[in-house]
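# Sequence plus the predicted model coming up.
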Amino acid sequence: MSKPPFISSALPSFSPLAKARLHSMVGALDTPEAVERDTEEPRVDIYAFRRNLKAGNGEVSDTGGYLLVTSGMSDRLMSSPVGGGNAETLATELLWYVRDLNPEYFAVLRWLSKLPFVDNTWFGFGHTVWMPEPPLSFCPFRHFLLLPSIVKAEQRLFAHLKQEEHAIGTLVVHMLAEPEYELVKTREGLRAFLDLLDGSRYPLFFNPERKSLLKIGEITP
């Protein structure tokens, strides 16, 4: 694969792993439309790629948007699960499908990518993050849910790369309304919520104005 102008020896501060992630992103997603470099160590840069995902019937779903991808979270391993449980991987990068390049998305995504190392924890399939206040000024949703991408290539974007013995995984950021979060946190709630997604017109690209899939108090796991 030929090197785009921004992937070259002119990036001496990039680690070999950071360069490998960048090559993987460009190979799978094409040239990014925007890049926001982190100014603080440990660095987590964020790349934005134009995307138009297709629904199961082959038609373009929603109106398209951007895929934000972190690069730097997997430079460190997250903490092992308490109690000896198994994590899919302790090296992960986050993805977020958004409709525009609002700077708040970048700030929230970077904060979320550093949270496991602040709280000495790990992120995996179905994990949630509770927030006391909405992290976005233009959206009432407060909580996060992490799931694999529905796009196989993006689910395995960095799977051929490793941090120590861990293949680098990806998790997609979703924001939940309060009733949705309450459902997910029940015993069988995650499965019920995923079934709810399958049967609804849940947007592939995050819509901060979408209505909750559940009403307050309507929890049916």
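It's in.
# count of residues packed around the residue nearest to Phe117 when sequence neighbours are not counted?
Distances taken as C-beta to C-beta, 6 or more residues apart in numbering place Arg76 nearest to Phe117, at 6.1 Å, with adjacent residues excluded. All C-beta atoms are positioned from the backbone trio N, CA, C, and that covers glycine. Residues lying near Arg76 (other C-beta atoms under 10 Å) number 15.
# what does Pro140 give?
Neighbours of Pro140 (other C-beta under 10 Å): 12.
# can you pull out the helices in this protein?
16-29, 103-118, 152-155, 178-184, 189-198 (DSSP state H).
# Can you show me the CA trace of the third one as PDB?
Below are the C-alpha coordinates for helix 152-155, written out as PDB (Å, rounded to 0.1, in the frame of the first residue of the first chain):
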ATOM      1  CA  LYS A 152     -17.000  -6.700  10.400                       C
ATOM      2  CA  ALA A 153     -14.000  -4.800   8.900                       C
ATOM      3  CA  GLU A 154     -14.300  -2.100  11.600                       C
ATOM      4  CA  GLN A 155     -14.900  -4.700  14.300                       C
END
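# buried sites along it?
Glu154, Gln155 (16 or more other C-beta atoms under 10 Å).
# Can you tell me which helices and strands that helix packs against?
Judged by 3 or more C-beta pairs under 8 Å, 6 or more residues apart in numbering; DSSP states H and E, helix 152-155 is in contact with helix 16-29.
# 7 Å instead?
With contacts taken as 3 or more C-beta pairs under 7 Å, 6 or more residues apart in numbering; DSSP states H and E, helix 152-155 sits against no other helix or strand.
# For that helix, what is the distance to the chain centroid?
12 Å (C-alpha atoms, centre = their mean, to the nearest Å).
# Check the second one too.
The chain centre lies 10 Å from the centre of helix 103-118; the measure is C-alpha atoms, centre = their mean.
# Show me which parts of it are buried, residue by residue.
Of the residues in helix 103-118, Tyr105, Phe106, Val108, Leu109, Arg110, Leu112, Ser113, Lys114, Pro116 count as buried by neighbour count, 16+ other C-beta under 10 Å.
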